[in-house]
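Q: Following is a predicted model, sequence given first.
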Amino acid sequence: GQVHVSAFPEGVTEVAQYGPNVRALGVHLTQGQMLPFARAAELIHDIYGLSVSPGALLAWVGEARG
């Protein structure tokens, strides 16, 4: 019955945001283990219960490349 308002921590810019370890895992699974993006997303969901899209994985690979 109460409303709570607070600010997001510094550096959080999106509604759903994953930390560097999850992002690194996604890059490792797709680039190091050569899993397809959809399978890597499914594996992350199976292990950690996180819903990561294949598109997010693709973006993380692009960021890691940079």
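A: That came in fine, so what should we check first? Note that this is a predicted model, so its numbers are computed, not measured. Residues are numbered from 1 along each chain as shown.
Q: Low-confidence ranges, this structure, go.
A: Counting by pLDDT under 70, the ranges of the chain that qualify are 12, 14-16.
Q: what about the helices in it?
A: Using DSSP state H, the helices of the chain run over 20-27, 37-48, 54-65.
Q: Is it possible to get JSON lines of the ones you listed that adds distance to Glu10 and mean neighbour count?
A: To be clear about C-beta, it is placed using only N, CA and C from the backbone, and glycine gets the same treatment. Formatted as JSON lines, these follow (distance: least, CB to CB, whole Å; neighbours: other CB atoms under 10 Å):
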{"stretch": "helix 20-27", "distance to Glu10": "15", "mean neighbour count": "16"}
{"stretch": "helix 37-48", "distance to Glu10": "24", "mean neighbour count": "15"}
{"stretch": "helix 54-65", "distance to Glu10": "19", "mean neighbour count": "14"}
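Q: who's in contact with Val52?
A: Val52 makes contact with 18, 22, 26, 41, 44-45 under the criterion CB atoms under 8 Å, 6 or more residues apart in numbering.
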